[in-house]
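Engineer: Could you work out the structure for the sequence below:
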Amino acid sequence: MLASLDKLVSAEHVDDVWKYHVDSMAGFGFDRLIYGYTRFRTTQRPIGDWQDSVVLSNHSQAYLDEFLGNNMVYSAPMTKWAAENVGVRSWRFMFDDPGSLSDEERRVLEFNRSMGVTAGYTIAFPDSLARAKGAIALTAKPGLSQDDVDAIWDEHGRELVVLNNVAHLKLINLPHPSKRSLLTKRQREALEWVADGKTTADIALILEVAPATVEKHLRLARDALDVDTTAQAILKATFLNQIFVSKL
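Structural biologist: Numbers count the residues shown, from 1 in each chain. Predicted coordinates:
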């Protein structure tokens, strides 16, 4: 485990962290992972909008197109559990008591079965921020039953929790791209100057443009980030590492 932890801690890029973690989990029998982290959850959407989240997975593109592209993620039983809890949960409850699931949840369950996602565990990570939530779903290799996976967890559960928590902490502290449109250089500059307390008139002088042009850059930045106010744009752009960076 120490070798895996050393690789995670030493990694400088999200892609490296993810590669190390995928390889590590495969050694325990979990060959497909999907990790998500958001800082933008709301009462209406407990896991936020996945387009504003860090989402990493080595599932097939066909699986992700349906699960994420068609928003099945919001109806998945384990997603709902992770949104409201912290800790570890076996997927056994979904298969042992399908009658407790809603029609939408059963639809997700059937889709997962059709894609070979039939056994695994979910870890919901703790977070000190009220609007933040992170979780990872560990899917077992084909041929492993939930009994097999539970036995793996009985033997290696503590190690698995530590490795996943370290990977999560590393991932949320590294720059990551957004699935939203990237801000242009001028949009970033305008937001950065507003964050520094400058008025529209001040920014116009600094950038040597008309005040109306500054307002245009700010409006387009709000549109790109899908927010209503410039304050929200600054907050989201900061979380997404799109402003106050040397380059994108």
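
Engineer: In the helix ranked longest in the chain, which of the residues would be classed as buried?
Structural biologist: Taking DSSP state H as the criterion, the chain has its longest helix at helix 146-171. Using 16 or more other C-beta atoms under 10 Å as the test for burial, helix 146-171 gives 146, 149-150, 152-153, 160-161, 163-164, 166-168, 170-171. Just so you know, the C-beta spots here come from the backbone N, C-alpha and C atoms, and that holds for glycine as well.

Engineer: which two in the residues you listed are spaced the farthest apart?
Structural biologist: Farthest pair in those (C-beta to C-beta) is Gln146 and Lys170. Separation: 29.0 Å.

Engineer: next one: whatever helix or strand comes next after the longest helix of the chain to chain centre, how far?
Structural biologist: Next helix or strand after helix 146-171 toward the C-terminus (DSSP states H and E): helix 185-195. Offset of helix 185-195 from its chain centre (C-alpha atoms, centre = their mean, to the nearest Å): 26 Å.

Engineer: ditto for stretch 2-17
Structural biologist: Relative to its chain's centre, stretch 2-17 lies at 18 Å (C-alpha atoms, centre = their mean).

Engineer: what does stretch 111-119 give?
Structural biologist: For stretch 111-119 - counting by C-alpha atoms, centre = their mean - the centre lies 21 Å from the chain centre.

Engineer: Straight-line length of it, end to end?
Structural biologist: Taking C-alpha to C-alpha, to the nearest Å, stretch 111-119 runs 13 Å from one end to the other.

Engineer: can you list the residues that contact it?
Structural biologist: The contact list for stretch 111-119, computed with C-beta atoms under 8 Å, 6 or more residues apart in numbering, reads 32, 59-60, 62-63, 66-67, 72, 91, 95, 139-140, 142, 144-146, 148-149.

Engineer: Just the buried residues of those.
Structural biologist: Buried among the contacts of stretch 111-119 by 16+ other C-beta under 10 Å: Arg32, His59, Tyr63, Glu66, Phe67, Met72, Trp91, Thr139, Ala140, Leu144, Gln146, Val149.

Engineer: What count of nearby residues applies to the nearest residue to the fifth one once chain neighbours are set aside?
Structural biologist: I take that to be Phe67. Excluding the flanking residues, the one nearest Phe67 by C-beta to C-beta, 6 or more residues apart in numbering is Val73, at 5.7 Å. By the criterion of other C-beta atoms under 10 Å, Val73 has 21 neighbours.

Engineer: measure Val73 to His59 for me?
Structural biologist: Going from Val73 to His59 by C-beta to C-beta, to the nearest Å gives 12 Å.

Engineer: if I look at these two, which residues touch both of them?
Structural biologist: Contact criterion C-beta under 8 Å, 6+ apart; residues shared by Val73 and His59: Phe67.

Engineer: So, low pLDDT: which residues of this structure?
Structural biologist: 43-52, 175-181, 245-248 (pLDDT under 70).

Engineer: if you set the cut-off to 80 instead, what comes out?
Structural biologist: Along the chain, segments meeting pLDDT under 80 span 39-53, 97-99, 128-131, 175-182, 239-242, 244-248.
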